[in-house]
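*Asks:* Okay, here's the prediction I keep looking at, along with the sequence it came from:
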Amino acid sequence: MPRVGIREVAAAAGVSMGTVSHFLNHPDRVSAEKAKRIQEAIDRLGFVRNNAGRQLRLGHSMTVAYIVPDVSNPFFATIAEGVEQRAAQAGLSVFVANSGGDQAREDSYLDLFEEHGVRGMLVASPRSIEARLAAIRGRGTPSVLVGQRAGTPAQPSVSIDDVSGGYQAARHLVEIGCRHIAFVGGPLGIRQVADRLQGASNAIRESGGAATLEVIEAEPRVIATGHKVAAELTGRPAGRRPDGIFAVNDLLGIGLVQTLVTGGVRVPEDVAVVGYDDIEYAENSLVPLTSVRPPHEEFGIAAIDLLLRVLGEAPPAPDHQVVFTPDLVVRRSSDRGQSGK
């Protein structure tokens, strides 16, 4: 069956091809009565817009790409909602790709989206990727690094002050009386993980010897890993067990809490637990989880806004590296009634 084009839609709606083009590209220029007839013709004929042709006319794509390392993590899903919301407002479509944390798959998506001529890319990566993005930028495709601060001024980025977040988490545990604190997460080669550990270490150092920090490197950062670490901790003699745990993300924290409680350890009386990301599941955990909250949808919105500035479609930003400071949200898992935060 031949492909239905603008000519056929115009004939069916009784309008000119130019009016159909306006309806598709500038609907505000078409009267409500003609718009209704055109839409009815599109629905009846099964017309599908040819964006490749539109891209040729405009001289650029109306699509951006967002590459994430773990689409199953609710934190990245909420960022994607913000990305899509703001992109739609700007008339852009979004391709979301899941690299699964695998470098080969990430490289493949970078190649694919560059070949398809996307307008720009948002890239969240667990590894150092700036050199690769610089090469792509040099060939005409701009990008925003999402989740880690760029090391060079030429690379736009939207990130979280994870040192501050880690500091807030550990300081809170010290303030509620924890003296043997465990940091759970990994790998430490990931910038965000290392920064959260650095912040926690700063808080322990400030305690003047009142608290110690044990590092338990654990990956992947999922609920099942939290179960495994908690099972090991509950098997320890009570005197060697931490009385406070800072989990590098909420999925680990939720798994830790579940297994600690089912193993007879009271949370927070025996062991207080703090997570990171404040995903939806944190508040609805078996014991509602205290968590460090970065922006969620706002983070994705900020990433698209920064990309639009780089593309010249929004006022230029004074700084191409946007850093958000997270906040601590205290819930039952660490609420011993001693912290007024």
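*Replies:* Arrived safely, thanks for sending. Quick caveat, the model's predicted, so the values are computed rather than measured.
*Asks:* Off-centre distance for stretch 286-306?
*Replies:* Stretch 286-306 has its C-alpha centroid displaced from the chain centroid by 8 Å (C-alpha atoms, centre = their mean, to the nearest Å).
*Asks:* who's in contact with residue 9?
*Replies:* 20, 38, 41, 42, 45, 47 (C-beta atoms under 8 Å, 6 or more residues apart in numbering). Yep, even glycine has a C-beta here, placed from its N, CA and C like the rest.
*Asks:* give me that answer again for 10 Å
*Replies:* Contact analysis of residue 9 by C-beta atoms under 10 Å, 6 or more residues apart in numbering lists 15, 17, 19-21, 23-24, 37-42, 44-45, 47.
*Asks:* Among those, which are located in helices?
*Replies:* 17, 19-21, 23-24, 37-42, 44-45 (DSSP state H).
*Asks:* Please check these and keep the buried ones.
*Replies:* Neighbour counting by 16 or more other C-beta atoms under 10 Å classes 19, 20, 21, 23, 24, 37, 38, 41, 42 among these as buried.
*Asks:* isn't residue 185 right next to residue 196, touching?
*Replies:* Yes. Using C-beta atoms under 10 Å, residue 185 makes contact with residue 196 at a distance of 7.2 Å.
*Asks:* From residue 198, how far out is the nearest residue to residue 16 once chain neighbours are set aside?
*Replies:* Excluding its sequence neighbours, the residue lying closest to residue 16 (C-beta to C-beta, 6 or more residues apart in numbering) is residue 10, at 6.0 Å. Residue 10 sits 63 Å away from residue 198, going by C-beta to C-beta, to the nearest Å.
*Asks:* which two from the ones in helices among the contacts of residue 9 end up farthest apart in space?
*Replies:* Put simply, by C-beta to C-beta the two of these set farthest apart are 21 and 44, 18.8 Å from each other.
*Asks:* Could you tell me how many residues sit around the nearest residue to residue 207 once chain neighbours are set aside?
*Replies:* Distances taken as C-beta to C-beta, 6+ apart put residue 174 closest to residue 207, at 5.0 Å, once the chain neighbours are dropped. Per other C-beta atoms under 10 Å, the neighbour tally for residue 174 reads 18.
*Asks:* so is residue 174 in a helix, a strand, or just coil?
*Replies:* helix (DSSP: H, G, I helix; E, B strand; the rest coil).
*Asks:* residues contacting it?
*Replies:* 181, 200, 203, 204, 206, 207, 210, 211, 244.
*Asks:* in the protein, which spans are helices?
*Replies:* 6-13, 17-25, 32-45, 51-58, 74-89, 103-115, 130-138, 162-175, 191-206, 223-234, 250-262, 280-283, 297-310.
*Asks:* got those as JSON lines, with distance to residue 216 columns?
*Replies:* Written out in JSON lines, the entries for the helices of the chain read as follows (distance: least, C-beta to C-beta, whole Å):
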{"stretch": "helix 6-13", "distance to residue 216": "62"}
{"stretch": "helix 17-25", "distance to residue 216": "56"}
{"stretch": "helix 32-45", "distance to residue 216": "58"}
{"stretch": "helix 51-58", "distance to residue 216": "49"}
{"stretch": "helix 74-89", "distance to residue 216": "21"}
{"stretch": "helix 103-115", "distance to residue 216": "26"}
{"stretch": "helix 130-138", "distance to residue 216": "30"}
{"stretch": "helix 162-175", "distance to residue 216": "14"}
{"stretch": "helix 191-206", "distance to residue 216": "11"}
{"stretch": "helix 223-234", "distance to residue 216": "6"}
{"stretch": "helix 250-262", "distance to residue 216": "10"}
{"stretch": "helix 280-283", "distance to residue 216": "20"}
{"stretch": "helix 297-310", "distance to residue 216": "28"}
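*Asks:* Cool, thanks, signing off.
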